[in-house]
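**Q** only geometry, no sequence info:
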């Protein structure tokens, strides 16, 4: 006779419940079912140790929710092997799906490329070119006009900028500045 060691390996559902887990009120670990008036415990949301203690210490009726792998092992929160297997399965499925889409799009692109290259056919025959005038018509560039004659340089040069408001005797101003500094 084999010794009973692990309550999770021998767990069986006596009467399956049709109530929706998401419709129940509570936490991810324990929710209250209004149909059977019992707390429903999520064994897959607990560590292996806590789930085993709950099963061993329960008296009477106990409602549970859990995920079981194909090999019969109950998945718990700290079960790295179970979650790793799920992650690998999802990863393989996603990779296969992405590869399938990539292959399909590549095939469509290649078929379009080869379909376009076959549509062009070379033409042979005489070339008909219209006779056109290729001369460029331009306007003549105007020549600069030169002023000729003798020049006269005057003794007094008039500034070509306004002189109003300017200081007329700079030496007088410099002297005033020096006198102020001495004081």
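**A** Okay, I see it. Owing to the predicted nature of the structure, the values given are computational and were not obtained by experimental measurement.

**Q** From what I see, residue 28 and residue 43 are in contact.
**A** No: between residue 28 and residue 43 there is no contact under CB atoms under 8 Å: 11.6 Å. To be clear about C-beta, it is placed using only N, CA and C from the backbone, and glycine gets the same treatment.

**Q** If you count surrounding residues, which of the two has more?
**A** Remark: of residue 28 and residue 43, residue 43 carries more neighbours, 24 against 11, as counted by other CB atoms under 10 Å.

**Q** close enough to count as contact, that one and residue 66?
**A** Yes: in terms of CB under 8 Å, residue 43 counts as a neighbour of residue 66; the distance is 3.9 Å.

**Q** shared neighbours of the two, anything?
**A** 11, 51, 74 (CB atoms under 8 Å, 6 or more residues apart in numbering).

**Q** How about the last one: what's its closest non-neighbour residue?
**A** Once its chain neighbours are removed from consideration, residue 74 has its nearest residue in residue 8; the separation is 4.6 Å (CB to CB, 6 or more residues apart in numbering).

**Q** just checking, that neighbour touches residue 44?
**A** No: counting by CB under 8 Å, residue 8 does not reach residue 44; the two are 10.5 Å apart.

**Q** just to revisit the earlier point, in helices, which of the shared contacts of residue 43 and residue 66 appear?
**A** Among the shared contacts of residue 43 and residue 66, the ones falling in helices (DSSP state H) are residue 51.

**Q** Highest neighbour count among the shared contacts of residue 43 and residue 66?
**A** Top of the shared contacts of residue 43 and residue 66 by neighbour count (other CB under 10 Å): residue 51, with 25 neighbours.

**Q** So the closest residue to that residue other than its chain neighbours versus residue 30, what's the distance?
**A** Excluding the flanking residues, the one nearest residue 51 by CB to CB, 6+ apart is residue 43, at 4.4 Å. Note on residue 43: its distance to residue 30, by CB to CB, to the nearest Å, is 11 Å.

**Q** try residue 71
**A** 27 Å.

**Q** between these two, which one's more packed in?
**A** Shown here are residue 71 and residue 30; by other CB under 10 Å, residue 30 has more neighbours (15 against 8).

**Q** any idea which helix or strand carries residue 95?
**A** helix 80-119 (DSSP states H and E).

**Q** Which of the three states applies to residue 64?
**A** strand (DSSP: H, G, I helix; E, B strand; the rest coil).

**Q** what does residue 39 give?
**A** From three-state DSSP, the assignment for residue 39 is strand.

**Q** how many neighbours does it have?
**A** Residue 39 has 15 nearby residues by other CB under 10 Å.
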